[in-house]
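**Student:** Any chance you can model this:
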Amino acid sequence: MGLIGALHEILEMVKIEYTDFVMLLGPLWTAFLIGIVIGWAWKPKWATFGQEKLNSSVSKALDLSSMPTSPARSVMSPPLKGFSSAPSLFQGYEAWIINNAVHNAVQKRLSPSPIEFDDQSTSQMNEKKSDVVAQEDVEHLCRLVDMKDGGPSWIHMTDRSTPTMTNQAWRRDPKIGPPQYRSRTVYEDVTPELVRDFFWDDEFRLKWDDMLSEATTLDECPTTGTMVVQWIKKFPFFCKDREYIIGRRIWESGRFYYCVTKGVPYPSIPRHGKLRRVDNYYSSWCIQAAESRHDNGQLSACEVQLFHQEDMGIPWEIAKLAVRKGIWDTVKNIESGLRAYQKQRALGGVISRPAFMAQINTKISLEYLKASAGTDVSSQTAVVTASDDKPFGGNIRNLIIVGGSILLACTLDRGYLVKTIISGVANKFGNAGKKSKPK
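**Tutor:** Just a heads-up that it's a prediction; the model follows:
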């Protein structure tokens with residue numbers, strides 16, 4: 001009784017009549033009843049009382065073909081006793097629910113189906129994504145593989161092997177752009193399909209590639225397998241980390257896989273002040289089955305021809321020195337990652353999304369590819385043996401000078417001109433050191 005008296009005192013203070021208080025609670029009771037109706041419509045199987053009647057009334061309210069011209073009172077029951085003071089409020093909620101259901105049903109009928117949407121727009125989006133890496137790119141790779149691209153001669157660098165792998169590497173210096181590298185590696189006891197997936201699998205690459213710190217898929221085409229990915233590579237603390245926006249796609253001809261990756265523009269990803277974007281980037285493979293050294297000529301090995309070129313923003317002469325000194329360690333690290341990937345795939349399980357995309361290839365006839373690339377009429381690029389690439393470890397003074405040049409080039413990191421000057425100074429002092437060396 002004390003609680004009721006206190007409630008009456010509060011009502012008198014704010015000057016609310018008792019009937020007004022009931023009107024205030026009307027919407028709350030209406031919402032409560034709506035919840036009961038909806039809950040009863042979704043009742044469990046053991047509550048069967050009145051199920052058919054409620055289902056039929058709801059279906060009639062949502063059926064456009066049998067919808068009456070005036071709003072029907074089939075979803076909600078008439079106002080209960082005790083709410084006679086607010087019948088218009090209850091009727092307004094009832095009419096709103098019915099009209100909203102009708103509106104949703106009409107919108108569902110008028111909106112295009114997912115199949116119609118796919119037919120009209122998805123094909124156009126896929127075409128735009130496929131243009132990122134196009135037919136001329138695989139033709140260019142075909143000319144590189146057949147050594148009929150019309151470029152300068154390849155200079156032999158290394159020829160080394162292990163019991164499970166052999167590798168050869170070449171370099172050449174085009175008239176315009178950074179040095180180009182070519183390698184041929186044969187991996188024993190592995191299939192071309194596994195090697196194809198391995199090079200595409202960015203999730204697993206993060207485990208074995210020490211330089212790669214981030215890998216993100218920006219876009220993909222489920223029809224052609226074309227992808228656009230973003231890589232962030234770690235550089236020494238005195239250099240900016242490098243950012244790569246890479247478009248990639250695979251063409252298949254039998255068990256030949258032409259895998260093209262190259263730098264592409266992507267305006268929606270702005271340049272970041274803490275990263276240096278590498279725009280000039282090209283790295284592509286031709287993967288095929290090869291004869292094994294151990295199985296009497298059986299095609300149980302895999303040959304990978306790699307063609308690589310990029311401008312990382314350091315003097316090219318210094319970059320060539322770094323590649324020549326570190327190429328064998330890089331090759332061994334790649335094989336170590338491949339063997340770990342081979343063991344993981346042998347265990348089964350779900351493959352990553354990038355590896356799945358590697359299996360979506362564009363089919364192409366090898367004869368048609370070679371004809372369109374013009375390799376049947378072009379002259380072959382020459383291969384020469386290096387004669388002036390002398391070892392660079394004997395002169396301590398030269399080592400200090402070049403090391404300092406690398407440090408300055410990466411620290412300044414402000415353009416090609418500064419780095420060219422630094423490289424020229426390093427070459428000048430290096431040549432002076434050679435002249436002063438006693439014969």
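
**Student:** C-alpha only now, for contacts and for neighbours.
**Tutor:** OK.

**Student:** In terms of secondary structure, what does the helix or strand residue 204 falls within contact?
**Tutor:** Using DSSP states H and E, residue 204 sits within helix 202-208. The contact analysis (3 or more CA pairs under 8 Å, 6 or more residues apart in numbering; DSSP states H and E) places helix 202-208 against helix 192-200, strand 212-220, helix 316-346.

**Student:** Which positions in that helix come out as buried?
**Tutor:** Residues 202, 203, 204, 205, 208 are the ones in helix 202-208 that count as buried (16 or more other CA atoms under 10 Å).

**Student:** Check the helices and strands packed on helix 202-208 for me and report the most buried one.
**Tutor:** Highest mean neighbour count of the helices and strands packed on helix 202-208: helix 192-200, a mean of 20 (counted as mean count of other CA atoms under 10 Å).

**Student:** Could you count how many residues lie near the nearest residue in space to residue 179 that is not next to it in sequence?
**Tutor:** Nearest residue to residue 179, sequence neighbours excluded (CA to CA, 6 or more residues apart in numbering): residue 173, at 4.8 Å. For residue 173, the neighbour count with other CA atoms under 10 Å is 16.

**Student:** So residue 173 sits against residue 152, correct?
**Tutor:** Yes - at 7.2 Å, residue 173 counts as touching residue 152 under the criterion of CA atoms under 8 Å.

**Student:** could you pull out the helices for this structure?
**Tutor:** 2-13, 18-41, 51-62, 87-110, 114-117, 123-130, 135-145, 192-200, 202-208, 316-346, 353-358, 366-373, 396-412, 416-436 (DSSP state H).

**Student:** Now do the contacts for the residue nearest to residue 179.
**Tutor:** By CA atoms under 8 Å, 6 or more residues apart in numbering, the contact list for residue 173 reads 152, 179, 180.

**Student:** Just the local confidence number for the spatially closest residue to the last one that is not a sequence neighbour, please.
**Tutor:** In space, and not counting its chain neighbours, residue 180 is closest to residue 309: 4.8 Å by CA to CA, 6+ apart. The confidence metric pLDDT takes the value 96 at residue 309.

**Student:** Quickly note the distance from residue 309 to residue 252.
**Tutor:** According to CA to CA, to the nearest Å, residue 309 stands 23 Å off from residue 252.

**Student:** And the pLDDT for residue 98?
**Tutor:** 46.

**Student:** My error: substitute residue 3 in the last question.
**Tutor:** Residue 3 is assigned a predicted lDDT (pLDDT) of 43.

**Student:** lowest average confidence, helix or strand, in this structure?
**Tutor:** Across the helices and strands of the chain, mean pLDDT, DSSP states H and E gives its lowest value to helix 114-117, namely a mean of 34.

**Student:** which stretches of the stretch 151-300 of the chain aren't confidently modelled?
**Tutor:** For the stretch 151-300 of the chain, no stretch has pLDDT under 70.

**Student:** All the strands of it, in order from the start?
**Tutor:** 154-162, 165-172, 180-187, 212-220, 227-233, 241-253, 256-263, 275-277, 281-290 (DSSP state E, counting those that start in this stretch).

**Student:** so which of those strands comes closest to residue 326?
**Tutor:** Among the strands of the stretch 151-300 of the chain, the nearest to residue 326 by CA to CA is strand 154-162 (11.1 Å).

**Student:** Restricting to C-alpha, output the closest one in PDB.
**Tutor:** Extracted C-alpha coordinates of strand 154-162, given in PDB (Å, rounded to 0.1, in the frame of the first residue of the first chain):
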ATOM      1  CA  TRP A 154      72.400 -13.200 -70.800                       C
ATOM      2  CA  ILE A 155      75.600 -13.300 -68.700                       C
ATOM      3  CA  HIS A 156      76.100 -16.500 -66.800                       C
ATOM      4  CA  MET A 157      76.400 -16.100 -63.000                       C
ATOM      5  CA  THR A 158      76.200 -19.400 -61.100                       C
ATOM      6  CA  ASP A 159      75.700 -23.100 -61.600                       C
ATOM      7  CA  ARG A 160      75.300 -25.100 -58.300                       C
ATOM      8  CA  SER A 161      73.400 -28.100 -57.000                       C
ATOM      9  CA  THR A 162      72.400 -30.200 -54.100                       C
END
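
**Student:** Next one: residue 195 from residue 141, what distance?
**Tutor:** From residue 195 across to residue 141, the span is 18 Å (CA to CA).

**Student:** Residue 337 contacts residue 206, doesn't it?
**Tutor:** No - Residue 337 is beyond contact range of residue 206, at 10.1 Å (criterion: CA under 8 Å).

**Student:** What does the pLDDT read for residue 119?
**Tutor:** Per-residue confidence (pLDDT) for residue 119: 46.

**Student:** right, I mislabeled it, should have said residue 55
**Tutor:** 48.

**Student:** Looking at the helices and strands packed on helix 202-208, which is nearest to residue 166?
**Tutor:** Closest to residue 166 of the helices and strands packed on helix 202-208 is helix 316-346 (CA to CA; 9.6 Å).

**Student:** Just want the angle from that closest one to strand 180-187.
**Tutor:** Per axes from the mean of the first three to the mean of the last three CA atoms, to 10 degrees, the angle that helix 316-346 makes with strand 180-187 is 30 degrees.

**Student:** and stretch 245-257, C-alpha only, in CSV?
**Tutor:** What follows is stretch 245-257 as a C-alpha-only set of coordinates in CSV (Å, rounded to 0.1, in the frame of the first residue of the first chain):
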residue,chain,number,x,y,z
ILE,A,245,51.1,-3.8,-55.4
ILE,A,246,51.2,-6.9,-57.6
GLY,A,247,48.8,-8.2,-60.2
ARG,A,248,49.1,-11.9,-61.0
ARG,A,249,47.6,-14.6,-63.2
ILE,A,250,48.3,-18.1,-64.5
TRP,A,251,47.9,-19.6,-67.9
GLU,A,252,47.9,-23.4,-68.4
SER,A,253,48.9,-25.4,-71.4
GLY,A,254,48.9,-29.1,-70.6
ARG,A,255,51.3,-29.3,-67.7
PHE,A,256,53.0,-26.0,-68.6
TYR,A,257,52.1,-23.2,-66.2
